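Asker: Using only what follows, build the 3D model:
(chains A, B, C and D)
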There are 2 protein chains.
Amino acid sequence: MTDPGSQAQVDRVFHALGDPTRRAIMERLSEGPRSVSGLASPLSITLTAVAQHLQILEEAGLVRTEKTGRVRTCRIDPAGFATLEQWIAQRRTTLERQLDRLGDFLAEPD
Amino acid sequence: MTDPGSQAQVDRVFHALGDPTRRAIMERLSEGPRSVSGLASPLSITLTAVAQHLQILEEAGLVRTEKTGRVRTCRIDPAGFATLEQWIAQRRTTLERQLDRLGDFLAEPD
DNA sequence: ATGAAACTGAAGTAGATACTTCACTAATGG
DNA sequence: CCATTAGTGAAGTATCTACTTCAGTTTCAT
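Answerer: Numbers count the residues shown, from 1 in each chain, chains lettered A, B, ... in the order given. So this is what the prediction gives:
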């Protein structure tokens, strides 16, 4: 991964999770590691399609994969989640700062 | 909003935030409420485009808007964030359960 | 009253993207 | 060894989607 909090990385993470099939893959993987075909069977799509999704998830830092023999094992990479939570936290803090200023304003005597 | 944690709602939230322009709008709104044209000017796109983005953000429960006179004021709706964090939290817990089971396995004498 | 400002609605378009199929390589089991 | 299993790569397609333009409507200021 290039830079955990970079604009490009945030972009990749949100784009990756924007697709329902990819989220389904993430949900499946949070239960434990799976092979590519193991992920493909419950979703009614081709092995090729799943492999394409996995590449996008991997580039977003949401999954790690390693190939031993002919089977590629996929598992969740927490790095992607970190990027996600960091973005949310940033919005939350600016939002709270704003509410604090509103509180100050309302508390002003004049 | 129909159902805060529903599949459809999660879908709307992630799809909404999957677009960089919409995220830019959210970032701007976390600084404080803005009008539609106030949001449009720094982004170099049409007023119409921004209005379309706002509709998507609103349906996702990420933004609330109200129109007084001829100006529509937009502000962040925390509900969308809640949906988002809920999804992440769920993945995290299943992931941790999995790691706990791994710990148990490694701790087994045999 | 009139012109500008702030939107709204409909319709079109160019590019993205989620799939597919087909052809291929590499590992594994009997 | 041979058939099967697991995955890769390239290429095509149909749909989606982010934008645009244009033609309204309403509100506000002068």
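
Asker: Name the residues of chain A found near chain B, please.
Answerer: Contacts of chain A with chain B, taken as C-beta under 8 Å from any C-beta of the partner chain, map to A:10-11, A:14-15, A:17-20, A:23, A:26-27, A:30-32, A:76, A:78, A:81, A:84-85, A:88, A:91-92, A:94-95, A:98. For glycine as for every other residue, the C-beta is placed from the backbone atoms N, C-alpha and C.

Asker: Residue A:61 - that's part of a helix, no?
Answerer: No: read with DSSP: H, G, I helix; E, B strand; the rest coil, residue A:61 is coil and lies in no helix.

Asker: what about residue A:6, neighbour count?
Answerer: By other C-beta atoms under 10 Å in any protein chain shown, the residues close to residue A:6 number 12.

Asker: Could you tell me which of the residues of chain A next to chain B count as buried?
Answerer: Burial by neighbour count, 16 or more other C-beta atoms under 10 Å in any protein chain shown: within the residues of chain A next to chain B this picks out A:10-11, A:14-15, A:17-19, A:23, A:26, A:30, A:32, A:76, A:81, A:84, A:91, A:95, A:98.

Asker: Give me the secondary structure label for residue A:73.
Answerer: Classified using three-state DSSP, residue A:73 is strand.

Asker: Distance check, it against residue A:46.
Answerer: 19 Å (C-beta to C-beta, to the nearest Å).

Asker: which one of those two has more residues nearby?
Answerer: Each of residue A:73 and residue A:46 has its neighbours counted (other C-beta under 10 Å); residue A:73 has more, 15 against 10.

Asker: Surely that one touches residue A:64?
Answerer: No: counting by C-beta atoms under 8 Å, residue A:73 does not reach residue A:64; the two are 9.2 Å apart.

Asker: sorry, back to before: among the buried ones among the residues of chain A next to chain B, name the ones in strands.
Answerer: Secondary structure from DSSP state E places residue A:76 of these in strands.

Asker: Can you flag which of the buried ones among the residues of chain A next to chain B belong to helices?
Answerer: Of the positions in those, A:10, A:11, A:14, A:15, A:17, A:23, A:26, A:81, A:84, A:91, A:95, A:98 sit in helices, assigned by DSSP state H.

Asker: okay, those residues in CSV with distance to DNA strand C and pLDDT next?
Answerer: CSV is the format used below for these (distance: C-beta to the nearest atom of the strand, whole Å; pLDDT from 0 to 100):
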residue, distance to DNA strand C, pLDDT
A:10, 14, 97
A:11, 9, 97
A:14, 11, 98
A:15, 6, 98
A:17, 11, 98
A:23, 11, 98
A:26, 13, 98
A:81, 19, 96
A:84, 17, 96
A:91, 22, 95
A:95, 21, 85
A:98, 20, 79
